[in-house]
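Any chance you could fold what I've pasted below:
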Amino acid sequence: MHTTLTAHAGNDVFIRPSPVAMVWQGPGHPHQAMAVPGVPLGPGDVLVEVELATVCGSDVHTVLGHRDATTPLVFGHEQVGRVVAVGGPVTAVDGTALVAGMRVVWSVIVSCGACDRCAAGLEQKRRRLAKYGHDRVHRGWELSGSFATHVELLAGTAIVIVGETPPAAVFAPASCATATAVAALDVAGCELAGTAIMVTGAGMLGLTVAAMAADAGARVVVSDPDPARRALATRFGAIAAVDPGLGAAEHLEAAHLAAGVEGFPVAIEMSGNAQAVDAAIGSLSVGGTAVLVGSVSPGVPLGIDAERIVRGLLTVRGVHNYRPRDLARAVDFLTGAWRRYPFTELVGPEFRLADVDDALAAAASGAFPRVAVRP
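Numbering: from 1, shown residues only. Okay, here's the model as predicted:
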């Protein structure tokens with residue numbers, strides 16, 4: 001572990017050497033290291049040392065200027081780490097009291113638990129949202145993202161204890177990709193066993209949802225233009241992988257033929273590509289549901305046929321972030337599935353914290369579903 005000494009002075013925690021966060025000032029600016037000598041832990045806060053962080057696609061979109069962001073900020077919201085200090089009694093999602101040394105993952109958002117949205121089960125959309133790796137750095141919460149040696153988890157963060165055996169590369173994406181995959185399958189609203197499901201996009205999200213659905217007995221067909229990712233999809237439980245480059249009609253015909261259906265009851269769109277969104281909706285059977293997940297940055301207008309949605313009794317659902325229970329289910333799935341599916345292969349090269357700009361460039365290349373930063 002990085003920590004060599006931890007001391008408390010009132011609510012402040014002092015660590016030597018001091019925690020370091022990599023701060024981003026905006027597009028075109030390299031990250032700068034910022035030392036944080038003392039961390040003020042409030043009631044319910046937890047200080048965690050980062051074992052491994054992975055670079056999410058949303059980090060890349062922001063760095064490239066495709067998404068708005070308030071700067072300066074510390075990126076990173078997919079990670080696994082160990083508890084260093086706890087600000088008073090704090091429990092994990094399962095009710096276990098957190099103590100120093102526990103290996104954990106945590107939610108991307110901080111839920112207040114008090115607003116109307118939280119009361120309605122929309123904790124991921126609380127009125128005043130705090131979000132790891134997305135919020136502007138400010139005094140008192142400098143360690144707000146996991147491209148750092150430590151992260152300060154605020155009260156209201158869903159924290160899940162994870163096992164010691166699975167590699168960090170398995171658990172790090174749970175806090176975004178895996179939990180989001182759980183949420184996507186949940187809103188599909190059907191019994192997965194025996195159901196034919198179309199998944200568009202074979203990145204980290206698409207491969208994860210394919211494995212989850214296949215594990216539950218679904219017949220999964222994955223669509224992706226990259227031959228290597230299509231081959232990988234079959235190792236994550238897909239019965240077939242089709243090429244959208246065939247053309248719209250031929251592509252859907254190949255997908256339906258592979259699943260043995262005239263239309264899919266469920267299609268889950270993970271890429272954010274406008275043509276993939278159209279294909280997902282176009283692949284549905286009467287009464288089918290399309291779950292849109294990948295469209296998290298502004299894009300071109302969609303060519304949605306409203307008449308087809310009406311006459312086909314179709315449902316289109318959006319998923320963004322997830323609820324605390326989705327993170328717990330993500331960890332449960334990975335704990336049992338990491339030996340059945342090659343999740344460790346989805347995380348490519350690891351970079352030092354000081355080389356976070358190189359990590360983001362590698363992630364932007366698209367050569368790997370994920371790259372990692374190891375503080």
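
Ramachandran angles for E78?
phi -120, psi 120 (degrees, to the nearest 10).

Just grab the bridge partners of it for me.
T54 (DSSP bridges).

what pLDDT does it get?
You'll see E78 listed with a pLDDT of 98.

burial measure for it, as a count.
For E78, the count of nearby residues is 30 (other Cβ atoms under 10 Å). (Each C-beta comes from the backbone N, C-alpha and C, glycine too.)

Any idea what V291 is bridged to?
Assigned bridge partners for V291, using DSSP bridges, are I268, R317.

That one: what's it in contact with?
A184, V187, A188, V266, A267, I268, E269, R317, G318, V319 (Cβ atoms under 8 Å, 6 or more residues apart in numbering).

at 6 Å what do you get?
If you count contacts by Cβ atoms under 6 Å, 6 or more residues apart in numbering, V291 has them with A184, V187, A188, I268, R317, V319.

ok, now how distant is the closest residue to P298 other than its chain neighbours from G189?
In space, and not counting its chain neighbours, P298 is closest to H66: 7.3 Å by Cβ to Cβ, 6 or more residues apart in numbering. Separation of H66 from G189 (Cβ to Cβ, to the nearest Å): 31 Å.

could you measure the residue nearest to P298 against V371, distance?
From H66 to V371 the distance is 18 Å (Cβ to Cβ).

same deal with T195?
33 Å.

Give the buried residues for stretch 280-292.
By 16 or more other Cβ atoms under 10 Å, the buried positions in stretch 280-292 come out as A280, I281, G282, S283, L284, S285, G288, T289, A290, V291, L292.

Roughly how far does the second one sit from V162?
Spelled out, that is I281. 36 Å.

now G247
G247 is 44 Å from V162, by Cβ to Cβ.

cool, G194 as well?
31 Å.

neighbour count winner among those two?
The neighbour comparison of G194 against V162 (other Cβ under 10 Å) goes to V162, with 21 against 10.

Next, give phi and psi for the more buried one.
phi -120, psi 160.

In contact with it, which residues?
R103, V105, F171, V331.

I'd assumed the third one was in a helix, is it?
Read that as F171. Yes - counting by DSSP: H, G, I helix; E, B strand; the rest coil, F171 is located in a helix.

wait, doesn't it sit right on V80?
Yes - at 4.2 Å, F171 and V80 qualify as touching, with contact defined as Cβ atoms under 6 Å.

Now do the shared contacts for the two.
Joint contacts of F171 and V80 (Cβ under 6 Å, 6+ apart) are V105.

Distance check, the nearest residue to V83 once chain neighbours are set aside against G76.
Closest residue in space to V83, ignoring its immediate chain neighbours: M102 at 4.7 Å, by Cβ to Cβ, 6+ apart. For M102, the distance to G76 (Cβ to Cβ) stands at 20 Å.

which one of these two has more residues nearby?
Remark: of M102 and G76, G76 carries more neighbours, 28 against 18, as counted by other Cβ under 10 Å.

My read is that the more buried one contacts A53, right?
Yes - applying Cβ under 6 Å, one finds G76 in contact with A53, separated by 4.7 Å.

shared neighbours of the two, anything?
S146.

count of neighbours near D215?
17.

how about the nearest residue to it, chain neighbours excluded?
Going by Cβ to Cβ, 6+ apart, D215 has A337 as its nearest residue, at 6.3 Å.

Endpoint to endpoint, stretch 159-176 covers what distance?
Using Cα to Cα, to the nearest Å, one end of stretch 159-176 lies 13 Å from the other.

roughly how far apart are P72 and T62?
For P72 relative to T62 (Cβ to Cβ), the value is 13 Å.

got a list of what the residue nearest the centre of the chain touches?
Central residue of the chain (Cα atoms, centre = their mean): C176, 1.8 Å from the mean position. Listed by Cβ under 6 Å, 6+ apart, the contact set of C176 reads C56, H77, E78, V108.

Next one: it, what pLDDT does it get?
Residue-level pLDDT assigned to C176 equals 95.

Roughly how far does it sit from R329?
Distance from C176 to R329, by Cβ to Cβ: 14 Å.

Also V83?
Taken as Cβ to Cβ, the span from V83 to R329 is 22 Å.

try D224
Relative to R329, and taking Cβ to Cβ, D224 is found at 25 Å.

Which residue of those two possesses the greater neighbour count?
When neighbours are counted by other Cβ under 10 Å, D224 comes out ahead of the other of D224 and R329, with 28 against 22.

Same list (the contacts of C176) but as a markdown table, adding distance to A361.
Formatted as a markdown table, the contacts of C176 follow (distance: Cβ to Cβ, whole Å):
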| residue | distance to A361 |
| --- | --- |
| C56 | 15 |
| H77 | 19 |
| E78 | 18 |
| V108 | 23 |
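
with those residues in mind, which one is nearest to A148?
A148 has its nearest neighbour among the contacts of C176 in H77, at 11.6 Å by Cβ to Cβ.

Nearest residue to the closest one in space, please, no chain neighbours.
Nearest to H77 is G133, by Cβ to Cβ, 6+ apart, at 3.6 Å.

before we move on, what about A97?
Nearest to A97 is T91, by Cβ to Cβ, 6+ apart, at 5.6 Å.

now R352
In space, R352 is closest to R374, 7.0 Å off (Cβ to Cβ, 6+ apart).

and that neighbour, how many neighbours?
R374, neighbours per other Cβ under 10 Å, totals 15.

Repeat that for P89.
P89: 9 neighbours (other Cβ under 10 Å).

what's the distance between it and L292?
40 Å.

Who wins on neighbours among the contacts of C176?
E78 (30 neighbours).

need the contact list for it.
E78 neighbours (Cβ under 6 Å, 6+ apart): T54, C56, A172, P173, S175, C176.
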